[in-house]
Structure formats: structure tokens, C-alpha cells
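Colleague: Pasting the sequence and the predicted coordinates here, then a few questions.
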Amino acid sequence: MATQQAEIIAAHGRHYLATAEVDGQKLRLHCVTRGKKSDIAVGDLVEIALTSKDQAVIEKIVTRKTLLYRSDQYKSKMLAANLTRLLIVVATEPGFTDDLVSRALVAAESAGITPWLVLNKVDLADALPRARERMQMYRDIGYPVLEVSAQGNPEATRAALLEIIQGESTILIGQSGMGKSSLINLLVPDADIATREISAALDTGKHTTTFTRLYDLPEGGKVIDSPGFQEFGLHHLSEGMLERAFPEFVPHLGHCKFYNCHHHAEPGCAVLAAVESGEIATLRHDLFEQLVHESKQKVGY
């Protein structure tokens, strides 16, 4: 059976929605995998075989450029494939957790995806100084921070976001309440309608916010919206992968007294010396230790 390429734009269980060019028309197709495989992510390019005018079977996944996923002790959850940008949305209020922000940054670094921090609701003047103070740690490491106000200044916010993501493949992630949906609606004016259509096509009922979906940007590029979540497990990253996913650790790696240093409590550790001098934030080193601990909790480790 002849196959052709399609792009996965939404996933729910083992049911996928894809777009493909068929006879010069861009069609939306309901796709399933052969057997019980469910290792397909939104953003994947796949080879499909049409089974009817609006249905297809996924035959194979085209080699991915990148894959962003999170994992706990027992399972992993793919967020999206072929990304070039990760926008971590935080707000002046309600408060955000540094743990989630830092974990998302580590995930981006390890996957080879360029991260940005987006500080939303900067029109809330009373809460702004404290939020900026918290952002400074990330700025010091070298991460770019974009300040926006989706509600207070929508046109400027949209223009600023497009400068970063036009022509890119971008995912927005963030805790609930940060204004991520407002940003998506600015970027994709008919996002709500598209989400309802996707939900209906995947037969997800009313749970329109519980699945990841991809939108084409009118200006070029793609933006992916993900459900809000409170935890970002990284059990799949080894100790060696983790130490290289903290950019501020990298200049000190290889300078420890012992070649197999764990940067925990060893004498002559260059990373610990940088923590002591304030060059590396204690909060970041604490997270590194926590992630190493978690990576050793994998079932069967």
C-alpha cells in the first residue's frame, strides 16, 4: 500500500489526528497505529497509509530531530517531537515554582531545544519586583527572559513572541494560572475553535485541555500547547547527562580532583567550590542532587 507523509497535530490515548496533503488538498486525518504501539508524539512526522478519505494507519515515524518528554519512576510521557523552542511561561502572580522552571530548563538542555522564560502579567506592578528578582538567577545563567502582558498589552505581547518563535517549532509549558492559554489565543486567534474541532475529531468529550495539540502559525512556524502540569520528572536522565544540562556547571567539569566526581561532597570538587563562591546558585545545585537521586530510583536500577 502506498504511503505518504503526515504531521501529528493531536493525540489522545492511541488515537491521533494528523494533517497531510492529499491530491493537492490539506486534509485532517484520524490515525491509529498498528498493534498496541503508542510511542508517537505531537509534532512527529509519520508515514501513513490511507484506509478511507479521512482515516489512516501510521506505518512508521520519520526520524525525529528532537523529543521532549518527562518521566517518573514507572513511565514516561512524551510532550512533543521536532521542537526547536521551549517557552516556559511564568507570571508575576500567582506564584510559580522554581523547581518546575529549572526542571523544564534541564529537559530542554538535554534534548537540544532552545529555552526561553516568558514572564507574563508584568502589568501587575506590585508583584513585578519580586518576580524579576526571582528571574535574575536564570538571567545570570544566561537564559533569556521575555517580559509580557497578555491581558494588559496584547498587541505588543504578540509581536514580542513572534520575534522569538516565527518559523520555529515551539511548545509552551507552564503551571495552571500563568496565562499560557491567553498567550496561545493571542498567537492563534482561532485556537479555541480549532481545539473544539480536534476534541470532537478525537472523541475526547469535554476534556479539551487534557491533550497536547499543534497549531500552524499564520506567520509561519508551529506552536504547541500542552496541558498545565505541576511536576516535571526527569528520571530518564543519567548523572552524566544531568551535569551537562546545567550550563553553569559546564566550565567546571573536568577540573575536579577526582575524575569520577559526583559533585556531592567530594574533596577538591570544582563544582562545589563554585557553589561556595556563589558562582553557582545553591538552589540549582540542590536540584542537581535531587535529580541524580531520582534517576537512581528507576525500577530495576
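Modeller: Perfect, I can see it now. The structure displayed is predicted, hence computed values, not measured ones. Numbers count the residues shown, from 1 in each chain.
Colleague: So what's the residue count around L124?
Modeller: L124: 15 surrounding residues under other CB atoms under 10 Å. C-beta here means a position set from N, CA and C on the backbone, and glycine is covered the same way.
Colleague: Quickly find the element holding the residue sitting furthest away from the middle of the chain.
Modeller: In the chain, the greatest distance from the average C-alpha position (CA atoms, centre = their mean) is reached by P267, at 36.4 Å. Secondary-structure element containing P267, defined by DSSP states H and E: none, the residue being outside all helices and strands.
Colleague: contacting residues for it?
Modeller: In this structure, P267 makes contact with K257, judged by CB atoms under 8 Å, 6 or more residues apart in numbering.
Colleague: Recalculate using a threshold of 10 Å.
Modeller: With contacts defined as CB atoms under 10 Å, 6 or more residues apart in numbering, the neighbours of P267 are C256, K257, F258, C261.
Colleague: just the buried members of these?
Modeller: Burial by neighbour count, judged by 16 or more other CB atoms under 10 Å, picks out C256, C261 from those.
Colleague: for stretch 240-249, how far is the first residue from the last?
Modeller: In stretch 240-249, first residue to last residue: 12 Å (CA to CA, to the nearest Å).
Colleague: what comes up buried for it?
Modeller: Under 16+ other CB under 10 Å, the buried positions of stretch 240-249 are L242, E243, A245, F246, E248, F249.
Colleague: May I ask which two of those residues are separated the most?
Modeller: Greatest spatial distance among the buried residues of stretch 240-249 (CB to CB): L242 and E248, at 13.0 Å.
Colleague: Need the pLDDT of K36.
Modeller: Per-residue confidence at K36 stands at 74 (pLDDT).
Colleague: Likewise for A194?
Modeller: At A194, the pLDDT value in this model is 69.
Colleague: Nearest to D44 among the contacts of P267?
Modeller: Nearest to D44 out of the contacts of P267 is C261 (CB to CB; 38.4 Å).
Colleague: Hmm, that closest one is touching A273, no?
Modeller: No - taking contacts as CB atoms under 10 Å, C261 lies outside contact range of A273: 11.2 Å.
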